[in-house]
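*Asks:* what would the 3D arrangement of this be:
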Amino acid sequence: MADAKRCDRCRNFYMTDDIKMYGITRIKMSISTGVSETVKTYDLCPMRSEKLKIFMDNISDNVEEAHEDD
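*Replies:* Numbers count the residues shown, from 1 in each chain. Below is the predicted model:
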């Protein structure tokens, strides 16, 4: 039986069967202020998951290029 979820980013519904095709759908973000730590979990639809993967790949490429100059 499939399970329906709602994307925390775009609010669209998606089926958990879509997870098998597209990969990640749950993101855990941790923000530390030095005094305390906040942890938040987000459910993402396949489209938002793919956009996040592309964004993170671009960031890692930029970080690698910055370190090449050192």
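*Asks:* just want the most central residue of this structure.
*Replies:* In the chain, the residue lying closest to the centroid (C-alpha atoms, centre = their mean) is I27, at 4.6 Å.
*Asks:* so that residue, which state does it fall into?
*Replies:* strand (DSSP: H, G, I helix; E, B strand; the rest coil).
*Asks:* so it sits against T41, correct?
*Replies:* Yes: if you go by C-beta atoms under 8 Å, I27 and T41 touch, sitting 7.1 Å apart. C-beta here means a position set from N, CA and C on the backbone, and glycine is covered the same way.
*Asks:* returning to what we had before: now do the same contact list for the residue nearest to the centre of the chain.
*Replies:* With contacts defined as C-beta atoms under 8 Å, 6 or more residues apart in numbering, I27 is in contact with T41, Y42, L44, L52.
*Asks:* same list, those residues, but as a markdown table with pLDDT, secondary structure and distance to S60 please.
*Replies:* Output for the contacts of I27, formatted as a markdown table (pLDDT from 0 to 100; DSSP: H, G, I helix; E, B strand; the rest coil; distance: C-beta to C-beta, whole Å):
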| residue | pLDDT | secondary structure | distance to S60 |
| --- | --- | --- | --- |
| T41 | 80 | strand | 22 |
| Y42 | 82 | strand | 20 |
| L44 | 82 | coil | 19 |
| L52 | 84 | helix | 13 |
